[in-house]
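Participant: no letters, just coordinates:
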């Protein structure tokens, strides 16, 4: 099912701006659902970065080198310069901090102490 959606989005001759909007609104919202409670390991961070780079490379496509005449992939720095938005890991960390702020404010009512303690242990 995911392969069908992937091909419908990234194989069609859509503009890069449309593909970026689809990535930000649909794909990222599905992937980051509930990320506030995740415990990120290096392996998970790596797999999320690989996924993000794969999607961005599909959006921005390979470039043809004028001198050599060969196709080359865009490196990470070029991808993030073209994307001009925060990385997926930065988005997760900012959402976790925002969620921690919400839980910390719940402490005043006495409901959040157990929740914040469980979150800090992971």
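Facilitator: Happy to help now that I have it. Predicted model only: the values in this text are computed from it and were never measured.
Participant: quick one: buried residues of the helix or strand where residue 102 lies?
Facilitator: Per DSSP states H and E: residue 102 is located in helix 88-106. Within helix 88-106, the residues scored as buried using 16 or more other CB atoms under 10 Å are 88, 91, 92, 95, 96, 100, 103. The way it works is simple: take the backbone N, C-alpha and C, and place the C-beta from them, glycine included.
Participant: can you pull the contacts of the third one?
Facilitator: Listed by CB atoms under 8 Å, 6 or more residues apart in numbering, the contact partners of residue 92 are 32, 35, 38, 40, 48.
Participant: got a winner among those residues for most neighbours?
Facilitator: In terms of neighbours by other CB atoms under 10 Å, the contacts of residue 92 top out with residue 48 at 20 neighbours.
Participant: pretty sure residue 45 contacts residue 90?
Facilitator: No: assessed by CB atoms under 8 Å, residue 45 is found out of contact with residue 90, at 10.9 Å.
Participant: once you drop chain neighbours, what's closest to the most centrally placed residue in the chain?
Facilitator: In the chain, the centroid-proximal residue (CA atoms, centre = their mean) is residue 88; its distance is 3.0 Å. Spatial nearest neighbour of residue 88, chain neighbours left out: residue 52 (4.6 Å); criterion: CB to CB, 6 or more residues apart in numbering.
Participant: what pLDDT does the model give the one you found?
Facilitator: Confidence at residue 52, expressed as pLDDT, is 87.
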